[in-house]
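*Asks:* Next comes the sequence, and after it the predicted model I'd like to discuss.
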Amino acid sequence: MSAPDCTLCELPTEGVDVADDEGNAFCCTGCRDVYETLGDVDVDAEAVRERRQEEGNEADTSGSDTEVPADHEATFLEVDGMHCATCEAFIETVATDTEGVSAASASYVTDTVRIDHDPDAVSVEDLSEAVSGLGYSAYDRDDAFSRRQADNMATARLAAGVLVGMAVMLQYIVIIYPTYFAFPFYNERTLEYLNQAMASTSGTYFFIVIAVLTTVVLFVTGKPILRGAYVSARTRSPNMDLLVAIAALSAYVYSTLAVIFVESPSIYYDVTVAIIVIVTVGNHYEDSIKKRSTELLSDLTAVQVDSARRLVGEGDVDGAGANASETEEVAIDDLAPGDRLLVRVGERIPVDGEAVAGDAAVDESVVTGESMPVRKTPGDAAIGGSVVADGSLTVEVGPDATSSLDRVAELVWDLQSGNHGVQKLADRLATIFVPVVLAVALLASGANLALGNGVTEAMLVGLTVLIVSCPCALGLATPLAVAAGIRDALERSIVIFDDTVFERLRGADTVVFDKTGTLTTGEMRVVSADVDDDLLRLAAAIEERSAHPVGQAIAAARAGDGAPRAPESASDSGAGSPAVADGGEVKAADADDAGDALAVTDFESHARGVSGVVDGVEVVVGHPDLFDERGWTVPDGIREAVSAARDVGRVPVAVGRDGAAEGVVVVGDELREGWEETVTELADSGVEVVVLTGDDERAATVFGEHDAISSVFAGVPPEGKAETVERLKARGRTVMVGDGTNDAPALAAADLGVALGGGTAMAADAADVAIVDDDLGSVATVFELSRAAGRRVKGNIGWAFCYNAVAIPLAVTGLLNPLFAAIAMGASSLLVVANSSRALLDD
């Protein structure tokens, strides 16, 4: 009978004996601890699977009850043009209506749609074509050309609108406005000539030219707005696009009918042009600010592997592939179970498998979050995506020929495509405002007809209501305030990927921090050295030959990078405790000593340390077990110091010469500057702070003891992190802060993800916010910007509604004509622009 899957994250529990009092099985103690704290959502593994299937196959398919058949594949497409929750619903409907598609889930937050389909019935190209309609552009997520093409099309559409719109407005300023208002700087003869010209056949052609130019602006530049309006009407979810389109189309249709049927028409094409261009420019400004932000992240590290070095030939193979006849470079897709791969120091293990030869320290932090490398020898499991830090390995490809890292990446895409965006405040208001405005316009026109006024006058009153209530100010209120927030964040080295970040961040209940690389720097350094200078110099000389992070930390410290000197005895300091690093000034090793050239011979790298002869002195650096294996003496005090350091999450290394251990060097992951201030500030603002790490529980001791941190979950794998965040979301809005690929699923699963810019590309891709300069204090700044942007949006919308509260009654009573309504609309828009141009935060 096979072992059950983990109750929390559904990973296999084969060979793992971790369970709770109710008999639920877990893949690690971290998942068990999370389940015991937050496990009231589900009670067993079957319930977890059922909930995930319901979420994946029902909630994300617009209410479809169709389950995804086992032979269907998941395809992820990027969709250009989605900008609201209405777009999500429409894209999902279009996709699921395609033959061969069983489910679809779209997210405008990440511009992504996941489509489950039968590959034999419908291809990826067919899916792209089906979704690419009404101005949406769908393409494969790796298709950079299509992405650039979509960006270029948006820029060209805006340029056409501005240039053609200028041509229209020039005619109004030079010819039409003077005749309407009898400008004083035009003499009577000139005005009379213009009136006669417009009343003649030449005037008809003049109006037709303006109509054609306006048509270009409305249907080319305004295509995204019209598309959004159509989608809004079709899904019966009024939004800002519908409001803008109604006003622009009303002025256009009225003016066109006037040109056709009226001898000397009053045309309002300028209203159509102004509405379309103003709103399009506002949206383009917001998009351009976001694009500028993402350019800062071009130097992030990509971590996925696309090729492998396969051994060719028969016979036994050592870790370096010495007995193989040759190696060949092959694509990951061409690997088969049983293939043997050579992985050298500094390289990533391409796929999951088993070590069959060699001896190496492997850094699994990118996948598991464990900060310390793990020694791998023949028979040990090798995780795809982890890095060989020291030595080399021959890895036999596992039965699935897949990588744990790739599965993490797939999980990220799956979570992102299901991350439905929140409905923007302006769109929520539009659901009420649109029906009210339409009703008022119809009632005003009907009342005029009932009072005996002509059809033309009644239509003008209705048109004036629609124009004066056109939400240019309302439409600019959110994008310009958000753009100001993104701009201010950019100035502080904070990159905002999504325009709903500030709205989603407000009201956050829980902030979850990763440990390694987030609350800590992710870099090993010596925190105490209870050895004399001469022995430390010998140990550093040995460790310079090692690629292990602990050895590199010892070598770097002795080279003058600030290795602290220990006090009189380990017991006085609590060996390995943070007090050694933080308790006052410490002396670094002398630079002259670091520069001495030492002769190292007989260097050996062991499973638990290194050894060699330095200037004729035999030196061993490593775990006390290595000393025991070699028959060297290890005093009880050193064993106690090693144990004490390990209890507080540090990495102790015994150092000895000529047959005896003489001291302990303690290495640890350095705490990031300002972490305490950040978590305290968040806790003081009423947010619950949680630490979630794949590292050992002892390495998170310092965080568990901090008053501002309510919970610490240690030893949790990537899938478990995502499930933990899902359960925290059930209690309130959750923000995840991380940096590594192992954090990416949790970043994608959270209501909002924040990635440190020094992390991996996958973490940044999964997040909504990236902190480029790795300043943890910027997390609190993001919250401040969110609150300030919220106040700015509400201020802009408040002004827009005050304007409408005055202007609409004037339009209904006939005291405003369409031209003055357009001027009032433009003035209100300028006020919103001026208000949004101010900085959100005072430096």
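*Replies:* That came through, no problem.

*Asks:* Can you name every helix or strand that the longest helix seen in the chain contacts?
*Replies:* Scanning the chain for the longest helix, with DSSP state H as the assignment, gives helix 778-812. On a contact count with 3 or more C-beta pairs under 8 Å, 6 or more residues apart in numbering; DSSP states H and E, helix 778-812 meets helix 425-450, helix 455-468, helix 472-491, strand 494-496, helix 501-505, helix 675-684, strand 769-771, helix 818-836. Where C-beta positions appear, they are placed from N, C-alpha and C, glycine not excepted.

*Asks:* Buried deepest among these, which one?
*Replies:* strand 769-771 (a mean of 27; mean count of other C-beta atoms under 10 Å).

*Asks:* Residue 220 - how many residues pack around it?
*Replies:* Using other C-beta atoms under 10 Å, residue 220 is surrounded by 15 other residues.

*Asks:* That one belongs to a strand, doesn't it?
*Replies:* No - using DSSP: H, G, I helix; E, B strand; the rest coil, the secondary structure at residue 220 is helix, not a strand.

*Asks:* What score does residue 576 have for pLDDT?
*Replies:* Per-residue pLDDT puts residue 576 at 33.

*Asks:* mind starting the numbering at 34 from now?
*Replies:* Okay, residue one is now 34; in that scheme the one you just asked about reads as residue 609.

*Asks:* Figure out which of the helices and strands packed on helix 811-845 is closest to residue 785.
*Replies:* Nearest of the helices and strands packed on helix 811-845 to residue 785, taken as C-beta to C-beta: helix 534-538 at 5.1 Å.

*Asks:* Describe which strands the following helix or strand past that closest one pairs with in its sheet and in which direction.
*Replies:* Downstream of helix 534-538, the next assigned helix or strand under DSSP states H and E is strand 543-546. Next to strand 543-546 in the sheet, as set by DSSP bridges, lie strand 721-725 (parallel), strand 767-771 (parallel).

*Asks:* okay if I get those as CSV plus mean pLDDT and mean neighbour count?
*Replies:* Output for the strands paired with strand 543-546, formatted as CSV (pLDDT from 0 to 100; neighbours: other C-beta atoms under 10 Å):
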stretch, mean pLDDT, mean neighbour count
strand 721-725, 91, 23
strand 767-771, 85, 29
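
*Asks:* Including distance to residue 412, could these go into a markdown table?
*Replies:* Putting the strands paired with strand 543-546 into a markdown table (distance: least, C-beta to C-beta, whole Å) gives the following:
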| stretch | distance to residue 412 |
| --- | --- |
| strand 721-725 | 31 |
| strand 767-771 | 32 |
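
*Asks:* Can you say which of the ones you listed is nearest to residue 427?
*Replies:* Of all the strands paired with strand 543-546, strand 767-771 comes closest under C-beta to C-beta, at 32.7 Å.

*Asks:* What is the next helix or strand after that closest one packed up against?
*Replies:* Downstream of strand 767-771, the first helix or strand assigned by DSSP H and E is helix 777-782. Applying 3+ C-beta pairs under 8 Å, 6+ apart, one finds that helix 777-782 makes contact with helix 437-450, helix 751-762, strand 767-771, strand 785-789, helix 794-799.

*Asks:* State the mean pLDDT of the first one.
*Replies:* Confidence for helix 437-450, expressed as mean pLDDT, is 51.

*Asks:* do the fourth one as well
*Replies:* The predicted model gives strand 785-789 an average pLDDT of 82.

*Asks:* which secondary structure elements does it contact?
*Replies:* Against strand 785-789 (3+ C-beta pairs under 8 Å, 6+ apart) you get helix 534-538, strand 767-771, helix 777-782, helix 794-799, strand 802-804.

*Asks:* Let me have the ones you listed in TSV, adding distance to residue 674 as columns.
*Replies:* Below are the helices and strands packed on strand 785-789 laid out as TSV (distance: least, C-beta to C-beta, whole Å):
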stretch	distance to residue 674
helix 534-538	45
strand 767-771	33
helix 777-782	36
helix 794-799	36
strand 802-804	37
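
*Asks:* Which of the ones you listed comes out lowest on mean pLDDT?
*Replies:* helix 794-799 (a mean of 56).

*Asks:* which residues of the stretch 84-233 of the chain fall in helices?
*Replies:* Applying DSSP state H, counting those that start in this stretch to the stretch 84-233 of the chain gives helices spanning 118-129, 157-164, 177-204, 210-214, 221-232.

*Asks:* Turn these into CSV, including distance to residue 590, mean pLDDT and mean neighbour count.
*Replies:* Output for the helices of the stretch 84-233 of the chain, formatted as CSV (distance: least, C-beta to C-beta, whole Å; pLDDT from 0 to 100; neighbours: other C-beta atoms under 10 Å):
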stretch, distance to residue 590, mean pLDDT, mean neighbour count
helix 118-129, 53, 80, 23
helix 157-164, 53, 85, 18
helix 177-204, 43, 82, 15
helix 210-214, 76, 72, 15
helix 221-232, 85, 67, 13
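
*Asks:* The helices and strands packed on strand 785-789: which one's closest to residue 497?
*Replies:* Short answer: helix 534-538, nearest of these by C-beta to C-beta, at 32.9 Å.

*Asks:* would TSV of the helices of the stretch 84-233 of the chain with distance to residue 776 be doable?
*Replies:* Converted to TSV, the helices of the stretch 84-233 of the chain look like this (distance: least, C-beta to C-beta, whole Å):
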stretch	distance to residue 776
helix 118-129	25
helix 157-164	29
helix 177-204	25
helix 210-214	59
helix 221-232	66
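
*Asks:* I'd like to know which of these lies nearest to residue 685.
*Replies:* Nearest of the helices of the stretch 84-233 of the chain (C-beta to C-beta): helix 177-204, 48.3 Å.

*Asks:* still on that earlier bit, using a markdown table, lay out the helices and strands packed on helix 811-845 together with distance to residue 370.
*Replies:* Formatted as a markdown table, the helices and strands packed on helix 811-845 follow (distance: least, C-beta to C-beta, whole Å):
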| stretch | distance to residue 370 |
| --- | --- |
| helix 458-483 | 51 |
| helix 488-501 | 67 |
| helix 505-524 | 47 |
| strand 527-529 | 41 |
| helix 534-538 | 43 |
| helix 708-717 | 44 |
| strand 802-804 | 38 |
| helix 851-869 | 59 |
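
*Asks:* mind listing the strands for the stretch 534-683 of the chain?
*Replies:* Here the stretch 534-683 of the chain has its strands, by DSSP state E, counting those that start in this stretch, at 543-546, 553-563, 633-639, 642-647, 650-655.

*Asks:* distance of the closest residue to residue 159 other than its chain neighbours from residue 152?
*Replies:* Spatially, and ignoring its direct neighbours in sequence, residue 159 is nearest to residue 131 (7.5 Å; C-beta to C-beta, 6 or more residues apart in numbering). To residue 152, residue 131 is 13 Å away according to C-beta to C-beta, to the nearest Å.
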